[in-house]
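>>> sequence and predicted model, in that order:
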Amino acid sequence: IVVFQPELRRKLAELGSRSFFFFSEGKNKEFLESLTETIRQLGAKRYGALFAIERRIELKPHLETGILLDAQFSSELILTIFSPKTELHDGGIILREGKVIGAGCLFPVSQREISDRSIGLRHRAGIGITEESDAIAVIVSEETGGVSIAHSGELEHDLDLETFSQRLLDLLEVEMKENNDKKPSATASDPPKPKSISSSSSEE
(Lines give C-alpha, C1' and ligand atoms only; values in the text may rest on other atoms or scores of the structure.)
Protein backbone atom coordinates (compact mmCIF):
# COMPACT_ATOMS: atom_id res chain seq x y z
CA ILE A 1 0.00 0.00 0.00
CA VAL A 2 2.84 2.42 0.81
CA VAL A 3 4.72 1.64 -2.41
CA PHE A 4 1.67 2.13 -4.62
CA GLN A 5 0.12 5.04 -2.67
CA PRO A 6 0.37 7.60 -5.56
CA GLU A 7 -1.10 5.08 -8.01
CA LEU A 8 -3.98 4.30 -5.62
CA ARG A 9 -4.75 8.01 -5.18
CA ARG A 10 -4.73 8.47 -8.95
CA LYS A 11 -7.14 5.57 -9.49
CA LEU A 12 -9.51 6.97 -6.85
CA ALA A 13 -9.34 10.40 -8.48
CA GLU A 14 -10.24 8.87 -11.83
CA LEU A 15 -13.54 7.69 -10.37
CA GLY A 16 -14.67 11.31 -10.28
CA SER A 17 -13.05 12.37 -13.53
CA ARG A 18 -14.78 14.29 -16.26
CA SER A 19 -15.71 12.39 -19.40
CA PHE A 20 -14.69 15.13 -21.82
CA PHE A 21 -11.62 17.11 -22.74
CA PHE A 22 -11.98 20.84 -22.83
CA PHE A 23 -9.69 21.78 -25.69
CA SER A 24 -10.64 21.86 -29.34
CA GLU A 25 -7.83 21.71 -31.89
CA GLY A 26 -8.04 25.45 -32.55
CA LYS A 27 -8.03 26.36 -28.87
CA ASN A 28 -5.07 24.01 -28.29
CA LYS A 29 -2.88 25.92 -30.73
CA GLU A 30 -4.03 29.34 -29.54
CA PHE A 31 -3.40 28.41 -25.92
CA LEU A 32 -0.02 26.86 -26.76
CA GLU A 33 1.19 29.97 -28.56
CA SER A 34 0.32 32.12 -25.55
CA LEU A 35 1.82 29.63 -23.07
CA THR A 36 5.04 29.23 -25.07
CA GLU A 37 5.58 32.98 -25.26
CA THR A 38 4.93 33.23 -21.52
CA ILE A 39 7.42 30.43 -20.84
CA ARG A 40 10.01 32.28 -22.94
CA GLN A 41 9.55 35.43 -20.88
CA LEU A 42 9.67 33.53 -17.57
CA GLY A 43 12.90 31.82 -18.61
CA ALA A 44 14.49 35.07 -19.75
CA LYS A 45 13.73 36.66 -16.36
CA ARG A 46 14.77 33.50 -14.44
CA TYR A 47 11.37 33.35 -12.79
CA GLY A 48 10.75 29.87 -11.45
CA ALA A 49 7.27 28.65 -12.38
CA LEU A 50 5.03 25.61 -12.05
CA PHE A 51 1.81 24.94 -13.98
CA ALA A 52 -0.63 22.03 -13.85
CA ILE A 53 -2.86 21.72 -16.93
CA GLU A 54 -6.02 19.97 -15.76
CA ARG A 55 -7.39 17.25 -18.02
CA ARG A 56 -10.08 14.68 -17.16
CA ILE A 57 -9.26 14.39 -13.45
CA GLU A 58 -10.24 17.55 -11.57
CA LEU A 59 -7.58 19.07 -9.32
CA LYS A 60 -10.03 20.45 -6.76
CA PRO A 61 -8.15 19.20 -3.64
CA HIS A 62 -5.00 21.00 -4.82
CA LEU A 63 -6.94 24.04 -5.98
CA GLU A 64 -8.28 24.47 -2.45
CA THR A 65 -4.72 24.86 -1.09
CA GLY A 66 -4.21 28.09 -3.05
CA ILE A 67 -6.03 31.24 -4.09
CA LEU A 68 -9.09 30.70 -6.29
CA LEU A 69 -9.13 32.71 -9.50
CA ASP A 70 -11.18 32.80 -12.68
CA ALA A 71 -8.91 34.74 -14.99
CA GLN A 72 -8.06 34.62 -18.67
CA PHE A 73 -4.52 33.38 -19.31
CA SER A 74 -2.10 36.19 -20.16
CA SER A 75 1.65 36.71 -19.99
CA GLU A 76 1.18 39.80 -17.84
CA LEU A 77 -0.84 37.90 -15.23
CA ILE A 78 1.56 34.93 -15.11
CA LEU A 79 4.67 37.11 -14.84
CA THR A 80 3.05 39.03 -11.99
CA ILE A 81 2.13 35.85 -10.11
CA PHE A 82 5.60 34.30 -10.45
CA SER A 83 7.55 37.46 -9.72
CA PRO A 84 9.82 36.67 -6.73
CA LYS A 85 8.36 39.68 -4.90
CA THR A 86 4.79 38.33 -4.83
CA GLU A 87 3.21 36.11 -2.19
CA LEU A 88 2.11 33.47 -4.72
CA HIS A 89 5.36 32.85 -6.59
CA ASP A 90 6.35 29.69 -4.68
CA GLY A 91 3.15 27.78 -5.43
CA GLY A 92 1.73 26.31 -8.61
CA ILE A 93 -0.87 27.59 -11.05
CA ILE A 94 -3.76 25.36 -12.14
CA LEU A 95 -5.05 25.85 -15.68
CA ARG A 96 -8.51 24.71 -16.78
CA GLU A 97 -10.02 25.33 -20.21
CA GLY A 98 -7.30 27.85 -20.96
CA LYS A 99 -8.04 29.85 -17.80
CA VAL A 100 -6.08 30.41 -14.61
CA ILE A 101 -8.36 28.98 -11.93
CA GLY A 102 -5.92 28.94 -9.03
CA ALA A 103 -2.51 30.25 -7.97
CA GLY A 104 -0.23 29.57 -5.02
CA CYS A 105 -1.44 25.94 -5.01
CA LEU A 106 0.47 23.19 -3.23
CA PHE A 107 1.24 20.05 -5.24
CA PRO A 108 2.38 16.71 -3.80
CA VAL A 109 6.13 16.18 -4.00
CA SER A 110 7.23 12.94 -5.65
CA GLN A 111 9.23 10.64 -3.37
CA ARG A 112 10.83 8.68 -6.19
CA GLU A 113 14.57 8.75 -6.81
CA ILE A 114 16.09 10.73 -9.70
CA SER A 115 19.77 10.44 -10.52
CA ASP A 116 20.03 13.96 -11.97
CA ARG A 117 20.94 16.19 -9.01
CA SER A 118 19.84 19.33 -10.87
CA ILE A 119 16.21 18.28 -10.50
CA GLY A 120 14.78 20.16 -7.53
CA LEU A 121 11.69 20.66 -5.42
CA ARG A 122 9.71 22.51 -8.10
CA HIS A 123 10.35 19.69 -10.58
CA ARG A 124 9.49 17.05 -7.99
CA ALA A 125 6.18 18.80 -7.31
CA GLY A 126 5.51 18.79 -11.05
CA ILE A 127 6.17 15.06 -11.16
CA GLY A 128 4.08 14.53 -8.03
CA ILE A 129 0.90 16.11 -9.41
CA THR A 130 1.16 13.87 -12.50
CA GLU A 131 1.59 10.77 -10.37
CA GLU A 132 -1.76 11.44 -8.68
CA SER A 133 -3.71 12.75 -11.68
CA ASP A 134 -3.65 12.87 -15.46
CA ALA A 135 -2.55 16.53 -15.41
CA ILE A 136 0.37 17.77 -17.47
CA ALA A 137 2.86 19.84 -15.47
CA VAL A 138 5.09 22.53 -16.95
CA ILE A 139 8.10 23.65 -14.94
CA VAL A 140 10.42 26.62 -15.49
CA SER A 141 13.73 26.48 -13.62
CA GLU A 142 14.61 29.49 -11.50
CA GLU A 143 18.33 28.67 -11.81
CA THR A 144 18.64 28.06 -15.55
CA GLY A 145 15.40 29.31 -17.11
CA GLY A 146 15.00 25.87 -18.71
CA VAL A 147 11.57 24.37 -19.30
CA SER A 148 10.45 20.81 -18.50
CA ILE A 149 7.25 18.80 -18.93
CA ALA A 150 5.99 16.17 -16.49
CA HIS A 151 3.25 13.66 -17.31
CA SER A 152 2.30 10.22 -16.00
CA GLY A 153 5.03 10.48 -13.36
CA GLU A 154 7.83 11.08 -15.88
CA LEU A 155 9.89 14.19 -16.50
CA GLU A 156 11.13 15.46 -19.85
CA HIS A 157 13.83 17.85 -18.79
CA ASP A 158 15.39 21.02 -20.22
CA LEU A 159 13.52 21.27 -23.52
CA ASP A 160 14.03 24.04 -26.05
CA LEU A 161 10.92 26.12 -26.78
CA GLU A 162 10.18 24.49 -30.13
CA THR A 163 10.41 20.98 -28.67
CA PHE A 164 8.36 22.02 -25.65
CA SER A 165 5.56 23.45 -27.78
CA GLN A 166 5.38 20.43 -30.10
CA ARG A 167 5.60 17.92 -27.25
CA LEU A 168 2.80 19.58 -25.29
CA LEU A 169 0.64 19.73 -28.41
CA ASP A 170 1.29 16.01 -28.99
CA LEU A 171 0.19 15.18 -25.44
CA LEU A 172 -2.98 17.27 -25.71
CA GLU A 173 -3.87 15.76 -29.09
CA VAL A 174 -3.45 12.23 -27.68
CA GLU A 175 -5.97 13.16 -24.98
CA MET A 176 -8.39 14.50 -27.59
CA LYS A 177 -8.04 11.30 -29.63
CA GLU A 178 -8.79 9.15 -26.57
CA ASN A 179 -11.90 11.14 -25.75
CA ASN A 180 -13.17 11.17 -29.33
CA ASP A 181 -12.90 7.40 -29.54
CA LYS A 182 -16.27 6.11 -28.36
CA LYS A 183 -15.10 2.54 -27.79
CA PRO A 184 -14.87 2.01 -23.99
CA SER A 185 -11.91 -0.34 -24.30
CA ALA A 186 -9.93 1.82 -26.69
CA THR A 187 -6.63 3.18 -25.35
CA ALA A 188 -3.94 5.38 -26.78
CA SER A 189 -0.34 5.54 -25.69
CA ASP A 190 1.66 8.75 -25.43
CA PRO A 191 3.61 9.68 -28.56
CA PRO A 192 7.39 9.10 -28.65
CA LYS A 193 9.12 11.40 -26.23
CA PRO A 194 12.53 13.08 -26.05
CA LYS A 195 14.98 12.50 -23.21
CA SER A 196 13.01 11.41 -20.19
CA ILE A 197 13.87 11.19 -16.50
CA SER A 198 11.84 8.69 -14.50
CA SER A 199 11.01 10.54 -11.37
CA SER A 200 12.47 12.63 -8.40
CA SER A 201 15.37 14.84 -6.56
CA SER A 202 16.37 18.74 -5.69
CA GLU A 203 16.64 22.48 -7.09
CA GLU A 204 14.51 25.48 -6.23
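Cool, got the structure. For clarity, every value in this text was computed on a predicted model and none was experimentally measured.
>>> buried residues in stretch 104-117?
Neighbour counts over stretch 104-117 (16 or more other CB atoms under 10 Å) mark 104-105, 107-110, 114 as buried. For the C-beta atoms, the positions are set from N, CA and C on the backbone; glycine is no exception.
>>> next: stretch 44-62.
45, 47-59, 62.
>>> these two touch, right, residue 72 and residue 99?
Yes. With contact defined as CB atoms under 8 Å, residue 72 and residue 99 form a contacting pair (6.2 Å).
>>> distance of residue 117 from residue 123?
11 Å (CB to CB, to the nearest Å).
>>> how about the spatially most central residue of the chain: what's its closest non-neighbour residue?
The residue lying closest to the centre of the chain (CA atoms, centre = their mean) is residue 137, at 1.3 Å. In this structure, residue 137 finds its nearest non-sequential neighbour in residue 126, 3.5 Å apart by CB to CB, 6 or more residues apart in numbering.
>>> then that neighbour would be within a helix, right?
Yes. Assigned with DSSP: H, G, I helix; E, B strand; the rest coil, residue 126 falls within a helix.
>>> what's the burial count for it?
Number of residues near residue 126 (other CB atoms under 10 Å) recorded here: 27.
>>> now do it against residue 118, distance only.
14 Å.
>>> low-confidence regions, the chain specifically.
1-28, 174-204 (pLDDT under 70).
>>> for this protein, which segments count as helices?
5-14, 25-45, 60-63, 75-81, 121-131, 161-180 (DSSP state H).
>>> which of the ones you listed sits most buried?
Each of the helices of the chain was scored by mean neighbour count; the highest is helix 121-131, a mean of 25, by mean count of other CB atoms under 10 Å.
>>> what about it, distance to the chain center?
8 Å (CA atoms, centre = their mean, to the nearest Å).
>>> what do you get for stretch 110-121?
Using CA atoms, centre = their mean, the offset of stretch 110-121 from its chain centre is 17 Å.
>>> and stretch 75-87, by the same measure?
With CA atoms, centre = their mean as the basis, stretch 75-87 stands 18 Å off its chain's centre.
>>> list the contacts of it.
The set of residues external to stretch 75-87 that reach it, using CB atoms under 8 Å, 6 or more residues apart in numbering, is 34, 37-38, 41-42, 45, 47-49, 71, 88-89, 93, 100, 103-104, 140.
>>> now with 10 Å?
Contacting residues not belonging to stretch 75-87 are listed as 34-35, 37-42, 45-51, 67, 69, 71, 74, 88-91, 93, 95, 100, 103-104, 140, 142 [CB atoms under 10 Å, 6 or more residues apart in numbering].
>>> I appreciate the help and will end here.
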